[in-house]
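Engineer: Structure of the sequence below:
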Amino acid sequence: PLKQVIVVQNFIKNNVILLVLINSASVFAYLFQLVLGKNLTPADYGVFNSLNSIVAILATPAVILHIVFSRFIVKLSISGLGQVKSLFIKVFRNMLFFSAGAFLVGLAILPLIKNFLHLKTSLPIIMMLLALSVCLIQPMLFGFIEGLQRFTFLGIGCISGSLARFAFAFILVGILGWGVNGAILAGILAMGLAIGFGFWSLKDIFNVSRGVLPSNLFSEMLRYSIPVFFTTIMVLLLGNIDLILVRHFCSPEEAGLYATAAVLGRISFFLPGAILMVLFPSIAKAQSTGENETNILWISLGMTFFIGGGIALINILWPEQIISFLFDEQYIEAAPLLQIISTAMALLGTSNVIFSFSLARSDFNYLKILLTGIVLMIGMVSVFHDSPIIIAKILLSSIGIIFFGTLIWLALTYKNIRSTLSDNEYRVIS
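Structural biologist: Residues are numbered from 1 along each chain as shown. Down below sits the predicted model:
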């Protein structure tokens, strides 16, 4: 049908816009990492990335809100922006209190974090906690922008934040030599600018009258947030916990080499990640209007596998050349790690498309497969952790199990989707 063709065309157009903008942001994100890699020692580089991974994991509640808001704002915006404004004001006030509370709790357990990461000073941890507090606000704003399907603003916000972080790092770390603390401060300043842009992108919602929110809205959001929480935390663990475990079980020098491979290897995961920003609200809208969403799924899977798999293949074929060109000869020993981690991240990125598709459809059965992979990884690393290469192989094995298990589950689920769609079409014709 013509309507379905238009939906697919708009989906592809929005994907192209976001892929260009988000991946331009990724370029600056990796330039940021290059500035750090060339100006920090391997040990300090490992410290920064372990702290950065902790922020990513602890910021999970904000990432969950991003996803939840994106799904429910699609529904609220159908009737106008009044209800969107009411939700924004209520949530923003609560997030400010939550942010301050997270900072205070972090200060209380600061000695535990310092001891676990074997750090000599507390200042990097305090800076990390401040970064966490700011980080909790930004995803909320961008969740509203995504839910309103303002994909161009979403992409511009991402690229401006990434560009600012690179510029600040170049000044604070590259010129002033502030080390790990300067790297974290660069992120804080950049997030502050991104938050300002987020408010500007949503300025029109402040010009309308506040609407009355549905009485059951927050209870529905709470119920939906539970599977979103488990999905997000497990994907974040798969993408970050290996850095923390290597920092804990291996030497600082080994952790620095692993961090180099992880930073480059995660390109396979993050480069096609912009597709999810269009996929999720598009599937949610298709669900609300009763449209066929399977075409959107297959396009997203194909684009993700092509982009992520292509990056992984390049890393497998020329790991030494990539590391020496982007970082330095002192990191060349990370080449075998890059081959493994890049492959694992490409598989995780493709699996994540299926997770997002299922979340938008409120189908959460894939969580059992994801949990199995997580438990397997953590259990094996707790026993086998003699070297970074062993931890990397365990990461790949665990994600491989998740990938193939999810594909099998999707194949069985897709049969049910096609049957349901056929039944609906038959009823419409009748």
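
Engineer: Now do the strands in the stretch 251-400 of the chain.
Structural biologist: Per DSSP state E, counting those that start in this stretch, the stretch 251-400 of the chain carries no strands over any range.

Engineer: in it, what spans have low per-residue confidence?
Structural biologist: Across the stretch 251-400 of the chain, residues meeting the criterion (pLDDT under 70) sit at 285-293.

Engineer: 80 instead, please
Structural biologist: 273-296, 326-330 (pLDDT under 80).

Engineer: Skipping its backbone neighbours, what lies nearest Met127 in space?
Structural biologist: Residue nearest to Met127 in three dimensions, not counting chain neighbours: Ile184, with 4.1 Å by Cβ to Cβ, 6 or more residues apart in numbering. For the C-beta atoms, the positions are set from N, CA and C on the backbone; glycine is no exception.

Engineer: Tell me the buried residues in the helix or strand harbouring the one you found?
Structural biologist: Assigned by DSSP states H and E, Ile184 belongs to helix 179-201. Of all the residues in helix 179-201, those buried under the rule 16 or more other Cβ atoms under 10 Å are 179-191, 193-195, 197-198, 201.

Engineer: Please name every helix or strand in contact with it.
Structural biologist: Secondary-structure packing of helix 179-201 (3 or more Cβ pairs under 8 Å, 6 or more residues apart in numbering; DSSP states H and E): helix 42-58, helix 123-135, helix 138-147, helix 151-169.

Engineer: quick one, which of those helices is packed in tightest?
Structural biologist: Of all those, helix 138-147 carries the top mean neighbour count, a mean of 24, counting by mean count of other Cβ atoms under 10 Å.

Engineer: roughly how far is it from the heart of the chain?
Structural biologist: Centre-to-centre, helix 138-147 and its host chain are 13 Å apart (Cα atoms, centre = their mean, to the nearest Å).

Engineer: again with stretch 269-279
Structural biologist: Using Cα atoms, centre = their mean, the offset of stretch 269-279 from its chain centre is 9 Å.

Engineer: Can you give me the end-to-end span of that stretch?
Structural biologist: End-to-end span of stretch 269-279 (Cα to Cα, to the nearest Å): 16 Å.

Engineer: Roughly how far does Ile354 sit from Ser397?
Structural biologist: Look at Ile354 and Ser397: by Cβ to Cβ, to the nearest Å, they are 19 Å apart.

Engineer: swap in Val91?
Structural biologist: Using Cβ to Cβ, one gets 40 Å for the distance from Val91 to Ser397.

Engineer: If you count surrounding residues, which of those two has more?
Structural biologist: Counted by other Cβ atoms under 10 Å, Val91 and Ser397 do not tie: Val91 has more neighbours, with 19 against 16.

Engineer: tell me which element the more buried one is part of?
Structural biologist: Per DSSP H and E: Val91 is located in helix 82-108.

Engineer: now for that helix, which elements pack on it?
Structural biologist: Against helix 82-108 (3+ Cβ pairs under 8 Å, 6+ apart) you get helix 60-76, helix 123-135, helix 138-147.

Engineer: which stretches of the stretch 301-430 of the chain form helices?
Structural biologist: Per DSSP state H, counting those that start in this stretch, the stretch 301-430 of the chain carries helices over the ranges 319-326, 335-360, 367-383, 388-429.

Engineer: List every C-alpha atom in the shortest one, with coordinates, as CSV.
Structural biologist: C-alpha atoms of helix 319-326 as CSV (Å, rounded to 0.1, in the frame of the first residue of the first chain):
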residue,chain,number,x,y,z
PRO,A,319,44.3,-4.3,13.6
GLU,A,320,47.9,-3.3,13.9
GLN,A,321,47.7,-0.6,11.2
ILE,A,322,44.5,0.8,12.7
ILE,A,323,45.9,1.0,16.2
SER,A,324,49.2,2.5,15.1
PHE,A,325,47.4,5.1,13.0
LEU,A,326,44.8,6.1,15.5
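
Engineer: Check which helices and strands it sits against.
Structural biologist: Counting by 3+ Cβ pairs under 8 Å, 6+ apart, helix 319-326 packs on helix 2-39, helix 252-265, helix 335-360.

Engineer: mind checking which of those helices is nearest Phe116?
Structural biologist: Nearest to Phe116, of all the helices and strands packed on helix 319-326, is helix 252-265, at 13.0 Å by Cβ to Cβ.
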